[in-house]
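A.B. asks: Here is a sequence with its predicted model. Questions after.
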Amino acid sequence: MQLRPEQLAVHLEKPLAPLYVVHGDEPLLTIEAADAIRAAARKQGYEEREVLVAGPGFRWDELFMAAGNMSLFGGSKLIDLRIPSGKPGRDGGEALQKHCDQALNGGPGLSTLISLPLLDWQAKKASWFVKLLDAGVVLECNAPPLPQLPDWIATRLARQKQSASRDGLDFIASHVEGNLLAAHQEIQKLGLLYPEGALSLEQIEDAVLDVARFDVDKLRAALLAGDAARCGRLLDGLRAEDTAPPLLLWALTSEIRALAQIRNAVDRGLPMDAAMKEAKVFGPRQNPLRAAAQRVSAVGARNALLHAARIDRMIKGLVQGDIWDEFLQLSLRLGKR
C-alpha cells in the first residue's frame, strides 16, 4: 500500500503494520515520516528498537537475527533498517524479499521500518523493491513542485494557527526554494515571532531570510524550461556561493548540446523518440529536453552553443567581459518565446 506523507498520521492511529518503507528526495519529509512511525511504535508498546545500517560490509544475516531475537518477556520490537545508498546489492535484495515473506507470515509484535534515499527508475523496478511495495506500507517523500510550494507552506502555517496572503506565501516560497528544511525553520520562526492569526507581508519580509538552496541542477532545469527569471535568481545565488564558472558552463553546455542534437535530428525528419535516442538522452532527462526542443529552433540552439563558446573564451581570459552577465544573457536567449 502506498501512502502520501499527509495520510500517515491517520494511518498510524491504527495498529502498526508489519513493514514500512520510507524513501524520497526530501530530508525533512523522510525524517518526519520515520519519526512519526517510531513515535507510533512507542505509543503502541513497541518497547524494543534495533537499528541496523546497511553500509559497506553489512552482513544481511543481522536482519534475520534481529527479526528472530525477540525479547524473552514478549515485548514488541521495531527493526529500524537504514540503507543509505539505496542499493542493497544482490545479497541484500534477496534478504529483503525473504524478510518481506517473514514479516507477512509472522505474528504480531514485530514491525520493520526501512529507510531509503531517492531511488532512480531502475531501483524502483528491481524485484526487491517491487516486493517491498507489495508487502509493506510505502511512503515516497518528495519535495512539492515549486508551483505547489506556497500551498505546502500555507498548510504548515495552519498547524500553528497562522495564515498569510498569497503574496506572503509566494515570498516565503521564493526565498526557500528547493529547501524544505529551511522552509520549516522559517515557518517555526514566524510562529515564535508573531501571535496566532493572519501575517502581513511586511511581517513576513522582516522575518524570512534568503536561504534558498541554489545549485547547478536547478539552473539546468530552469534553462530547459525557458524560465529566465528563475535562471537569474539561481545565477545570483550561485555567484554568491563562489561556484566555479567552468563547472557551471560545462553543466549548461551539456544540456544545450543535447538540445541542439535533438532539434537537428527532428528537423531531418526523425521522430522525437528516435532523436532522443540518437542524442543519448534517456530517463528523467527526456521530458525537459523534449519540451525545450519543441520551443527552441535549431538555429536558436546553435546560437546558444556559440554563446557558450564565447563564455568559455572569457573564462580562459581570451575575451573581455562579465562572465556572470553572459550566463544571464545565455539563459535569456533560451527563454520562453
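C.D. replies: Done, it's in. Residues are numbered from 1 along each chain as shown.

A.B. asks: Neighbours of residue 17, how many?
C.D. replies: 16 (other C-beta atoms under 10 Å). In this view, the C-beta of every residue, glycine as well, is placed from N, C-alpha and C.

A.B. asks: Residues in a beta bridge with the nearest residue to it once chain neighbours are set aside, which ones?
C.D. replies: Nearest residue to residue 17, sequence neighbours excluded (C-beta to C-beta, 6 or more residues apart in numbering): residue 137, at 4.8 Å. In this entry, residue 137 is beta-bridged to residue 20, by DSSP bridges.

A.B. asks: residue contacts, residue 137?
C.D. replies: Residue 137 is in contact with 1, 2, 3, 11, 17, 19, 20, 21, counting by C-beta atoms under 8 Å, 6 or more residues apart in numbering.

A.B. asks: Okay, now the unreliable bits of the stretch 1-150 of the chain?
C.D. replies: 70-74, 106-107 (pLDDT under 70).

A.B. asks: ranges for the strands of it?
C.D. replies: With DSSP state E, counting those that start in this stretch as the criterion, the stretch 1-150 of the chain has strands at 2-3, 19-23, 48-53, 77-82, 110-115, 137-140.

A.B. asks: Next, the residues that contact the first one from outside, please.
C.D. replies: When you say that, I think you mean strand 2-3. Contacts for strand 2-3 (C-beta under 8 Å, 6+ apart): 11, 133, 137, 138, 139, 140.

A.B. asks: Please repeat the previous calculation with a cut-off of 7 Å.
C.D. replies: Contact with strand 2-3 is made by 11, 137, 138, 139, as judged by C-beta atoms under 7 Å, 6 or more residues apart in numbering.

A.B. asks: check contacts around the last one.
C.D. replies: What that stands for is residue 139. Contacts of residue 139 (C-beta under 7 Å, 6+ apart): 3, 5, 8, 22, 33.

A.B. asks: Buried ones from those residues, can you make that a ChimeraX selection?
C.D. replies: In ChimeraX syntax, the buried subset of the contacts of residue 139 is picked out as below (16 or more other C-beta atoms under 10 Å):
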select :3,5,8,22,33
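
A.B. asks: Please name the residues that touch residue 166.
C.D. replies: Here residue 166 is in contact with residue 150 (C-beta under 7 Å, 6+ apart).

A.B. asks: if I look at it, how far off is residue 173?
C.D. replies: 10 Å (C-beta to C-beta, to the nearest Å).

A.B. asks: Residue 264 too?
C.D. replies: From residue 264 to residue 173 the distance is 38 Å (C-beta to C-beta).

A.B. asks: again, but for residue 279
C.D. replies: According to C-beta to C-beta, residue 279 stands 34 Å off from residue 173.

A.B. asks: can you check residue 23 too?
C.D. replies: When residue 23 is compared with residue 173 (using C-beta to C-beta), they lie 25 Å apart.

A.B. asks: Ok, residue 13 next?
C.D. replies: When residue 13 is compared with residue 173 (using C-beta to C-beta), they lie 31 Å apart.

A.B. asks: Between those two, which is the more surrounded one?
C.D. replies: residue 173 (21 against 8).

A.B. asks: In this structure that one contacts residue 151, no?
C.D. replies: No - between residue 173 and residue 151 there is no contact under C-beta atoms under 7 Å: 9.4 Å.

A.B. asks: quick one, helices of the stretch 101-250 of the chain?
C.D. replies: Under the criterion DSSP state H, counting those that start in this stretch, the stretch 101-250 of the chain contains helices at 121-125, 127-135, 149-159, 166-175, 180-193, 201-207, 216-225, 228-240, 245-267.

A.B. asks: Who are the packing partners of the next helix or strand after the last one?
C.D. replies: Translated: helix 245-267. Next helix or strand after helix 245-267 toward the C-terminus (DSSP states H and E): helix 272-278. In terms of contacts (3 or more C-beta pairs under 7 Å, 6 or more residues apart in numbering; DSSP states H and E), helix 272-278 is packed against helix 245-267.

A.B. asks: Next, residue 281: secondary structure please.
C.D. replies: coil (DSSP: H, G, I helix; E, B strand; the rest coil).

A.B. asks: Number of residues surrounding it?
C.D. replies: For residue 281, using other C-beta under 10 Å, the count is 20.

A.B. asks: okay, and for the stretch 151-300 of the chain, where does confidence drop off?
C.D. replies: 178, 209-214.

A.B. asks: From what I see, residue 258 and residue 289 are in contact.
C.D. replies: Yes - look at residue 258 against residue 289 with C-beta under 7 Å: they come within range, at 5.9 Å.

A.B. asks: overlap in contacts of the two?
C.D. replies: residue 281.

A.B. asks: how far is stretch 134-146 from where the chain is centred?
C.D. replies: Taking C-alpha atoms, centre = their mean, to the nearest Å, one finds the center of stretch 134-146 at 11 Å from the center of the full chain.

A.B. asks: Kindly export it (C-alpha atoms) in PDB.
C.D. replies: Extracted in PDB, the C-alpha atoms of stretch 134-146 (Å, rounded to 0.1, in the frame of the first residue of the first chain):
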ATOM      1  CA  ASP A 134       3.500  -5.400  -2.300                       C
ATOM      2  CA  ALA A 135       4.300  -6.300   1.300                       C
ATOM      3  CA  GLY A 136       4.500  -3.000   3.100                       C
ATOM      4  CA  VAL A 137       3.200   0.500   3.600                       C
ATOM      5  CA  VAL A 138       5.300   2.700   1.300                       C
ATOM      6  CA  LEU A 139       5.700   6.500   1.600                       C
ATOM      7  CA  GLU A 140       7.500   8.400  -1.200                       C
ATOM      8  CA  CYS A 141       8.600  11.700   0.400                       C
ATOM      9  CA  ASN A 142       9.500  14.200  -2.400                       C
ATOM     10  CA  ALA A 143       9.500  17.900  -2.200                       C
ATOM     11  CA  PRO A 144       6.400  19.600  -3.700                       C
ATOM     12  CA  PRO A 145       7.000  21.200  -7.100                       C
ATOM     13  CA  LEU A 146       7.700  24.900  -7.000                       C
END
